[in-house]
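>>> Make a model of this:
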Amino acid sequence: CVLADSGKFKAPTWTIGLNYKVNPDTLLYVTSRRGFRSGGFNLDGATPLADRTFGKEIVTDLELGAKTAFDLGSAAISANVAVYRQWYDDIQLQQTVPTPTGPLTLNKNAGEAEIDGIEFETTARFGDLTLRGHLNYIDFDYTKFDPGVVLPILPTVPKFSYGVGANYVLPLPESRGELSISINYDWQK
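Below is the predicted model:
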């Protein structure tokens, strides 16, 4: 059995932003973006006719942030912070549906979701030594499920994550090239 289908999945996308430089080393910004994930087809022979096609997923976001750099004694410091919200429409989820031949996993448009987040990252350079750190918080919530959504597979988005790292450039002659040692630790829950 050969199944085939065709379709067009399109949507306008954008990035709109305003930047304000408080001073040469500090930038404040606000930006909004819109993007989409194409729709597609579930072409398994047991797929119910109503589920053969799934539509596009659209995400729109709003982000506020700051980027700064400064010297603290002999250290060059940079720090970035951002807060954001994302709105998903027609979010695509894999769903398990019953069919006469047994359960089948399909892609379906399942509803709406919102994501709120905060991100912070910093870097400190002390000559040949660079230290890094980041901290993230994400709150993912489904706000609406469409009729027929059977069993949502919850996202594997970690609520909290952080990491630290260090990089040291070994003092070698320039003719030998550059050799560095790095160590990193990341955690998420």
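>>> contacts, neighbours, all on C-alpha from now
Noted.
>>> what about residue 49, how many residues close to it?
Neighbour count for residue 49, taken as other CA atoms under 10 Å: 10.
>>> mind listing what it touches?
For residue 49, the contact set (CA atoms under 8 Å, 6 or more residues apart in numbering) is empty.
>>> Which elements pack onto the helix or strand encompassing residue 95?
If you go by DSSP states H and E, residue 95 is part of strand 92-97. Here strand 92-97 touches strand 104-109, going by 3 or more CA pairs under 8 Å, 6 or more residues apart in numbering; DSSP states H and E.
>>> With adjacent residues omitted, what lies nearest to residue 36?
Excluding the flanking residues, the one nearest residue 36 by CA to CA, 6 or more residues apart in numbering is residue 58, at 4.3 Å.
>>> Could you check how far the one you found is from residue 158?
22 Å (CA to CA, to the nearest Å).
>>> between these two, who's got more neighbours?
Between residue 58 and residue 158, counting by other CA under 10 Å, residue 58 is the more crowded of the two (20 against 14).
>>> so that one touches residue 90, yeah?
Yes - using CA atoms under 8 Å, residue 58 is in contact with residue 90, at 6.7 Å.
>>> okay, and the common contacts of the two?
Counting by CA under 8 Å, 6+ apart, residue 58 and residue 90 have no common neighbour.
>>> Give the residue spans of this protein that score low on pLDDT.
The model of the chain has pLDDT under 70 over residues 1-3, 150-156.
>>> Using just helix, strand and coil, how would you label the nearest residue to residue 4 once chain neighbours are set aside?
Nearest residue to residue 4 in three dimensions, chain neighbours excluded: residue 43, at 7.1 Å (CA to CA, 6+ apart). The three-state assignment at residue 43 reads coil, by DSSP: H, G, I helix; E, B strand; the rest coil.
>>> Compute the number of surrounding residues for residue 43.
Residues lying near residue 43 (other CA under 10 Å) number 17.
>>> Relative to residue 101, how far out is it?
Noted for residue 43: a distance of 15 Å to residue 101, by CA to CA.
>>> name the helices or strands packed onto the host helix or strand of residue 161?
In the assignment (DSSP H and E), residue 161 maps to strand 160-169. Other elements packing on strand 160-169 under the criterion 3+ CA pairs under 8 Å, 6+ apart are strand 129-145, strand 180-188.
>>> residues touching residue 75, list them.
Applying CA under 8 Å, 6+ apart, the residues near residue 75 are 124, 125, 126, 127.
>>> ugh, typo on my part, it should be residue 27
Residues near residue 27 by CA under 8 Å, 6+ apart: 19, 20, 21, 66, 67, 68.
>>> What is the burial count for the second one?
It refers to residue 20. Counted with other CA under 10 Å, residue 20 comes out at 11.
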